[in-house]
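Colleague: Below is the sequence, then the predicted model.
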Amino acid sequence: MMHRPSYKNIHNRFRLNGTHYSFEALTEIGYSFVKEGAPYEQAIGDFLLDWTHASDTLILKTSGSTGQPKLLRYHKQAMVNSALATGDFFHLQVGDKALHCLNADYIAGKMMLVRAMILGLEIDLVPPEGNVLQHTNKVYDFAAMVPLQVAHSLSQLPQIKTLIIGGAPIPKALHKEIVQQSTACFETYGMTETVSHIAARPINEDATPFHVLPGVSISQDERECLVIEAPHLSDQKIITNDLVHLVEQDAFHFRGRIDHVINSGGIKISPEEIEAKLSPFIVQPILIAALPDESLGEKMVLLVEGSLEVDWAALFSKAKLPHYSTPKEIHALAEFAYTPNGKIKREATLALLDL
């Protein structure tokens, strides 16, 4: 059986902003960040202090995109194992240069640090803002961003050789821009419960499915939702609310969340599938949601961020929406509700409607 390092085994090639830190020295830099750092560095400092604490577990906070944020306790070894799987999947090498530009309050930002410490990466810290490359001409082997950061960094994206993108769906317009880049870009699938991503797919012209990382097995339950078995991450099966189509033993297409499904007059509609059809024709963020209806039970409505004066009938025809999946109402909102990593909060956004 392959020996796996523990969370205390900080790689001797690990560098943080150009400096190597041992496991013990991480406490010192953690305190320094907390006391004197910028807000994003304080979050990193908090994590480093948690990592070097005697406990072999720590608390992870969910993003709250599908409800109230939750606090979950996880073993640090699971995070180490996740980092090793990512290293294998993306062929990361000791000494590779990585960029950290995510909020370390959440799992994606924490895991970039764990990957660097365990795999021996040289990682640089920058504020988790829009164009995260604006102050550097350095070339990086590996980075992770949310779609909003990618959109603001397109002109400098060739500075990154391999980029993983997650935290929120990638808009169709941005997808087209990414495909034209020389950077090897991958969309990831995961959640806090899976200790970051457990699957990824290259962003290209084809509808490529997600392929799972090493050590992960997948299946479907009776609802057609994804079930994840990853003994190196969790002792229990992870039963999701994500509707999927399995194409191979280790690959799947994401269809949408079952708890978002709209039942309109007995016809079940996946909002994510309708949004995917509409998004190529609408520049602004959109959201398909349901409102109560006396005759249908639920009626499907379209929410648009900002104003949009278009011929909706023609647009729906272009998108090839069947009659039953055509929105019954269209509402404009000045601004949607978002999670810190840029994902639309569906329930909170719908609650902004003044009906």
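Modeller: In hand now; what should we look at? All values derive from a computational prediction rather than experimental measurement.
Colleague: mind checking how far stretch 152-160 is from the chain centre?
Modeller: Relative to the chain's own centre, stretch 152-160 is displaced by 19 Å; criterion: CA atoms, centre = their mean, to the nearest Å.
Colleague: Okay, now the unreliable bits of the stretch 51-200 of the chain?
Modeller: 62-69 (pLDDT under 70).
Colleague: can you rerun that using 80?
Modeller: Judged by pLDDT under 80, the stretch 51-200 of the chain has its weakly predicted residues at 61-70.
Colleague: ok, which stretches of it are helices?
Modeller: 76-89, 107-119, 147-152, 172-179 (DSSP state H, counting those that start in this stretch).
Colleague: which one of the ones you listed lies closest to Pro340?
Modeller: Among the helices of the stretch 51-200 of the chain, helix 107-119 comes nearest to Pro340, with 10.0 Å by CB to CB. All C-beta atoms are positioned from the backbone trio N, CA, C, and that covers glycine.
Colleague: Make TSV out of the helices of the stretch 51-200 of the chain and add mean neighbour count.
Modeller: Listed next are these as TSV, based on neighbours: other CB atoms under 10 Å:
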stretch	mean neighbour count
helix 76-89	21
helix 107-119	25
helix 147-152	20
helix 172-179	16
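Colleague: Only C-alpha atoms, please: export the longest strand seen in the chain in PDB.
Modeller: Of all segments of type strand in the chain, defined using DSSP state E, the longest is strand 238-248. Taking Å, rounded to 0.1, in the frame of the first residue of the first chain, the C-alpha atoms of strand 238-248 are listed here in PDB:
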ATOM      1  CA  ILE A 238     -21.900  11.000  -0.100                       C
ATOM      2  CA  ILE A 239     -25.400  11.100  -1.500                       C
ATOM      3  CA  THR A 240     -25.900  14.300  -3.400                       C
ATOM      4  CA  ASN A 241     -29.000  16.100  -4.800                       C
ATOM      5  CA  ASP A 242     -27.300  16.500  -8.100                       C
ATOM      6  CA  LEU A 243     -29.100  15.000 -11.100                       C
ATOM      7  CA  VAL A 244     -26.600  13.300 -13.400                       C
ATOM      8  CA  HIS A 245     -26.300  11.200 -16.500                       C
ATOM      9  CA  LEU A 246     -23.700   8.500 -16.100                       C
ATOM     10  CA  VAL A 247     -21.800   7.900 -19.400                       C
ATOM     11  CA  GLU A 248     -19.100   5.600 -18.100                       C
END
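Colleague: I'd like the helices of the stretch 51-200 of the chain written out as a markdown table, with distance to Thr136 added.
Modeller: Converted to a markdown table, the helices of the stretch 51-200 of the chain look like this (distance: least, CB to CB, whole Å):
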| stretch | distance to Thr136 |
| --- | --- |
| helix 76-89 | 23 |
| helix 107-119 | 16 |
| helix 147-152 | 14 |
| helix 172-179 | 20 |
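Colleague: Out of those helices, which is closest to Val212?
Modeller: Per CB to CB, nearest to Val212 of the helices of the stretch 51-200 of the chain: helix 76-89, 9.0 Å.
Colleague: could you check the angle helix 107-119 makes with the closest one?
Modeller: If you take axes from the mean of the first three to the mean of the last three CA atoms, to 10 degrees, helix 76-89 sits at 80 degrees to helix 107-119.
Colleague: So if we follow the domain assignment, how does this structure break up?
Modeller: 15-213, 261-350 (automatic domain parsing).
Colleague: on that earlier part again, of all the helices of the stretch 51-200 of the chain, which one comes closest to His211?
Modeller: Nearest of the helices of the stretch 51-200 of the chain (CB to CB): helix 76-89, 8.4 Å.
Colleague: Neighbouring strands - and their directions - for the longest strand of the chain?
Modeller: strand 225-229 (antiparallel), strand 251-257 (antiparallel) (DSSP bridges).
Colleague: about what we covered before: please identify the deepest-packed of the domains of the chain.
Modeller: domain 15-213 (a mean of 18; mean count of other CB atoms under 10 Å).
Colleague: that older thread, in a markdown table: the strands paired with strand 238-248, plus mean pLDDT, distance to Leu133 and mean neighbour count.
Modeller: Shown next, in a markdown table, are those (pLDDT from 0 to 100; distance: least, CB to CB, whole Å; neighbours: other CB atoms under 10 Å):
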| stretch | mean pLDDT | distance to Leu133 | mean neighbour count |
| --- | --- | --- | --- |
| strand 225-229 | 96 | 33 | 20 |
| strand 251-257 | 93 | 28 | 18 |
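Colleague: okay if I get the ones you listed as CSV plus distance to Gln181?
Modeller: Shown next, in CSV, are the strands paired with strand 238-248 (distance: least, CB to CB, whole Å):
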stretch, distance to Gln181
strand 225-229, 29
strand 251-257, 22
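Colleague: and of these, who's closest to Leu154?
Modeller: Nearest to Leu154, of all the strands paired with strand 238-248, is strand 251-257, at 24.1 Å by CB to CB.
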